Each structure stands twice: as structure tokens, then as C-alpha cells.
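A.B. asks: what would the 3D arrangement of this be:
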Amino acid sequence: MFYLPNKLLLLVVYGIAIGSDLTALPLDTNVTHWVRSVAAVLLAVHALEVVFCFKKVALHKGPLFDSVLLTLLFGFLHWKPLADAARRTR
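C.D. replies: Numbering: from 1, shown residues only. The predicted model follows:
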């Protein structure tokens with residue numbers, strides 16, 4: 001329940017950041033600059049998560065590429081449930 005609202009929030013942040021690059025949004029330029037900065041920092045942190053939590057990222061049942069992409073987007077919101085499920089099955 002905690003994961004879905006946070007994933008939606010991240011998608012909104014990324015959507016605003018990408019949308020502000022494609023067209024003029026009805027937001028203050030300071031807001032769009034702030035959102036772009038937050039999105040860039042989040043992507044950088046999530047890239048580090050892919051590297052440092054690769055064993056947990058690889059627990060995904062689908063293709064590894066999908067899991068890496070989902071981790072880049074959502075970070076621990078993607079790999080933490082996978083790691084918890086793997087720990088429960090032991």
C-alpha cells in the first residue's frame with residue numbers, strides 16, 4: 001500500500017520534468033527548475049542503487065533489463081518488495 005502512491009508521485013515528478021522540456025507548462029519557471037533538479041538527483045541515486053543492490057534487482061521474475069529500468073525509475077520501491085518476498089520464502 002505504501003509503494004503505489006510513492007510510485008505514482010515519482011511518475012508525476014518525472015512527467016513534469018520531461019513535459020517541461022517538451023512544452024511550456026503552466027507552472028512557474030522556479031517550480032519546473034526544482035522538479036527537473038529533483039528528477040535528475042533521483043535518477044542518479046537510483047542508478048547507484050542498481051549498482052549497489054544488483055543482487056536484489058536481479059530477483060525480478062522478468063527480464064533483467066526490465067528490473068534495471070524499474071529500479072532506475074522507482075529505486076527501492078521496486079527492489080525492496082522483491083527482496084522481502086525472497087527473504088520470506090527462505
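
A.B. asks: now the element after the helix ranked longest in the chain, going C-ward?
C.D. replies: Taking DSSP state H as the criterion, the chain has its longest helix at helix 29-52. Downstream of helix 29-52, the first helix or strand assigned by DSSP states H and E is helix 54-57.

A.B. asks: quick one: low-confidence parts of this protein?
C.D. replies: Filtered on pLDDT under 70, the chain yields the residue ranges 1.

A.B. asks: please repeat the previous calculation with a cut-off of 80.
C.D. replies: 1, 90 (pLDDT under 80).

A.B. asks: distance of Pro63 from Val57?
C.D. replies: 12 Å (Cβ to Cβ, to the nearest Å). For glycine as for every other residue, the C-beta is placed from the backbone atoms N, C-alpha and C.

A.B. asks: more neighbours: which of the two?
C.D. replies: With neighbours defined as other Cβ atoms under 10 Å, Pro63 and Val57 compare such that Val57 has more, 21 against 9.

A.B. asks: verify the contact between the more buried one and Val68 for me.
C.D. replies: Yes: at 6.3 Å, Val57 counts as touching Val68 under the criterion of Cβ atoms under 8 Å.

A.B. asks: what is in contact with the two at once?
C.D. replies: Val50 (Cβ atoms under 8 Å, 6 or more residues apart in numbering).
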